[in-house]
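**Student:** Any chance you can model this:
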Amino acid sequence: MLRVFATLFLTFGAVGAAQGKSPIVVKAGHTKELCGEAYADAQIAMSDKVRELENHASYARLVQTEVQYETPYYGSDGRIQQRRSKGAFFGTAFAYMRRGDEVFFLSNAHVVSSPPVTSTDTRVDGVPPGSRKVQEESWIVERDGDGVVKIMKLTRVAVDLATDSAVLRARWPQKAQKPTDPTIEVMPYKIGRSADLHVGNFVYVRGYPLGAFQAVNVGRVTNPFDDDREGHWNHSDFIVDALLSQGHSGSPVFAVSCKSGMLELVGMYHAGYKAGSALNAVVAVDELKEFMETFKPAKRTPKGGEAALTKADRYRLTSEVDAFSPLPVFPFAGGAASMTVEDSALHLTIWDKDFPQVVERRVWIVDRGHEAFGDVVEIGFREDSGDEVVLAAADFDAKLKERVLGLYFALARQALLTLEFRQLRAQKNDKKPDLARAKSQQKELVETTIDDLEQVLVALRAESQSKVAAQPAP
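**Tutor:** Residues are numbered from 1 along each chain as shown. Alright, predicted model coming up:
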C-alpha cells in the first residue's frame, strides 16, 4: 500500500503521552489578500472572529476505541483454548451537528472499527492473525498524565468503508445537569466545497497528534484531486503538505473562505504516504456531505471508475482475439488469465498460480450473450482435490450472481486493457495503461468468488443427496 492509516494503536499501558494545552493562533488583521478564487492561499485571510473561536475550540475530540480479540491455541493438555489480546486505537472525531440532546461526530472508519477477524491482510498491532474480535467500544476521552479519563461513550450510527468514514453519536444534553458535567461544542463553521480547492490553498487541521494533545497544523493543498482506490477505499482525496501524524486520523480539515474570512470544512484527514511525511490524503468533503446528513453511504461508481461494458466492447474482444499471442494470455490478479471465443461464446479463464509450469484451470466463466456482456450461463472451478466442478448460473442467488458478474467484468476489462496496451506498444506510444494497477482488488475478487462457489457447491451436493435419499426403494 502506498497509503497508511494514521491511527495510533497502543497496547494497554505501553505508551504514555504528555499533556498539552489548546494551541494559540497567531493573530493578524483580516484581509482579502492572496484570495484569487473561493479559498485563500494564506492564513492572513482568516477573520478575527475565527481566531477568537479557535483560541478556545473544543469541537475536535480525542477518541479511544478499545478492542478485544480471542486467539485459539492448543494448551498443554492438547485441548483448544482461547487467549485474549486487547488494546486501544486513538484518533480524532469532531462534532458537526446537534439534534436535540444528541450530538453527531464524524471520524474515520478505521479509528472506530477494527476487522472482525485478523489475517495477514487485516492486521491489528499486537494481535496474532486468525484472531476473532469479541468486543469493541469507542469513547471520547481526555488525557490525564499517562492515562486517559473516559468522558462520553459513543454509539456507532453508520460506517462507510468506501470513504473511510463513520458517523457516531452521543447523548449530550444542551444544558448541563450538574456543574461538573462535561460540555461539548459543535463545529461553528459551514461545510464548504472541496471541488473549489486549487493548488496552493491554505489548509487548517485540528486534531490529536500521537493521541496525546490537541493541536493545530497548517499547510497547503499540493494536489486538489487524487483518486483513492486502495483496499476498500473508493473515493476522491486531495493531498496536503501539513505535517500530520498518528492520532490525526478523523481530523477536520478547513480552508479559509475568501468571501467571509471564515473557516469552511473541506475534508477529513485519513491517511499518509509511507515515503512522504508531508504528503497526506484528505477525504474530500463533497464525498462526505450526503453521508453526514442521511447516514447512508452515497452511491458511487464501481471501483476503477469503469463505464459499463458495451456491445462494441464485446465485438472488439471477439473480433480482435487474434491480436493476442497464439496463447491469448493476459495478466490478472498477479497471475495469468486467457480468453477464447467458441461459437460466439466468450470463455474467460483464470489459470493456476504456477502457470505456465502447471497448465490447470482455476476458475472459468462462459458468456453466451451475442449482443453485450453479462449473459453468464456457467462458471467452473477446480477444487483442492483436483476435481473440476461446473455450476449453472441459474442456480445462483442474487448475491452470488453479482459476485460472479463482478469477477467476469474485471476479467473482460483487463482483456480490453491488454489489447490497448499491445496496440499502443506497437505504435511506440509512451502512454500505456498500467496492467498491474488493480492487482489487489482482482485477487480479492477471485478469492471471495471461489469461497462463495464452494458454499454453493456444498448446498447443491446436500440438496442432491437429500433427493436421492427421498426416492422410494424399488
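**Student:** hey, let's count contacts and neighbours off CA atoms from now on
**Tutor:** Will do.
**Student:** contacting residues for Pro209?
**Tutor:** Ala215, Leu244, Ser245, Gln246, Gly247, His248 (C-alpha atoms under 8 Å, 6 or more residues apart in numbering).
**Student:** For it, which non-adjacent residue is spatially closest?
**Tutor:** Of all residues not flanking Pro209 in the chain, Gly247 sits nearest, at 4.8 Å (C-alpha to C-alpha, 6 or more residues apart in numbering).
**Student:** for Lys190, same thing?
**Tutor:** Distance criterion C-alpha to C-alpha, 6+ apart; nearest residue to Lys190, sequence neighbours excluded, is Glu264 at 5.4 Å.
**Student:** residue contacts, the one you found?
**Tutor:** Tyr189, Lys190, Ile191, Gly192, Phe254, Ala255, Val256, Ser257.
**Student:** Mind listing the residues bridging to the closest residue to the third one other than its chain neighbours?
**Tutor:** Computed as C-alpha to C-alpha, 6+ apart, the closest residue to Ile191 that is not its neighbour in sequence is Leu265, at 4.7 Å. Legend: beta-bridge partners of Leu265 under DSSP bridges are Ile191, Phe254.
**Student:** Contacts only, for Leu265.
**Tutor:** By C-alpha under 8 Å, 6+ apart, the neighbours of Leu265 are Tyr189, Lys190, Ile191, Gly192, Arg193, Pro252, Val253, Phe254, Ala255, Val285.
**Student:** how close does it get to Gly100?
**Tutor:** 23 Å (C-alpha to C-alpha, to the nearest Å).
**Student:** Checking Ala88 next. Helix, strand or coil?
**Tutor:** Following DSSP: H, G, I helix; E, B strand; the rest coil, Ala88 is assigned to strand.
**Student:** How many neighbouring residues does the spatially closest residue to it that is not a sequence neighbour have?
**Tutor:** Of all residues not flanking Ala88 in the chain, Glu66 sits nearest, at 4.5 Å (C-alpha to C-alpha, 6+ apart). For Glu66, the count of nearby residues is 22 (other C-alpha atoms under 10 Å).
**Student:** cool, and Gly100?
**Tutor:** For Gly100, the neighbour count with other C-alpha under 10 Å is 10.
**Student:** wait, Tyr273 sits on Asn280?
**Tutor:** Yes. Contact criterion C-alpha atoms under 8 Å: Tyr273 and Asn280 qualify, at 6.3 Å.
**Student:** For those two, indicate the residue with more neighbours.
**Tutor:** Neighbours per residue (other C-alpha under 10 Å) separate Tyr273 from Asn280, with Asn280 holding more: 26 against 16.
**Student:** Spell out which residues sit in contact with that one, please.
**Tutor:** Counted by C-alpha under 8 Å, 6+ apart, Asn280 has contacts Ile239, Val240, Asp241, Ala242, Leu243, Leu244, Tyr269, His270, Ala271, Gly272, Tyr273.
**Student:** From these, which one has the minimum pLDDT?
**Tutor:** Among the contacts of Asn280, Tyr273 carries the weakest pLDDT, at 81.
**Student:** Kindly reformat the contacts of Leu265 as JSON lines containing distance to Ile379, pLDDT and neighbour count.
**Tutor:** As requested, the contacts of Leu265 are exported to JSON lines (distance: C-alpha to C-alpha, whole Å; pLDDT from 0 to 100; neighbours: other C-alpha atoms under 10 Å):
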{"residue": "Tyr189", "distance to Ile379": "54", "pLDDT": "97", "neighbour count": "13"}
{"residue": "Lys190", "distance to Ile379": "51", "pLDDT": "97", "neighbour count": "13"}
{"residue": "Ile191", "distance to Ile379": "48", "pLDDT": "97", "neighbour count": "17"}
{"residue": "Gly192", "distance to Ile379": "48", "pLDDT": "95", "neighbour count": "22"}
{"residue": "Arg193", "distance to Ile379": "46", "pLDDT": "92", "neighbour count": "19"}
{"residue": "Pro252", "distance to Ile379": "47", "pLDDT": "98", "neighbour count": "30"}
{"residue": "Val253", "distance to Ile379": "47", "pLDDT": "98", "neighbour count": "24"}
{"residue": "Phe254", "distance to Ile379": "50", "pLDDT": "98", "neighbour count": "26"}
{"residue": "Ala255", "distance to Ile379": "51", "pLDDT": "97", "neighbour count": "31"}
{"residue": "Val285", "distance to Ile379": "41", "pLDDT": "95", "neighbour count": "24"}
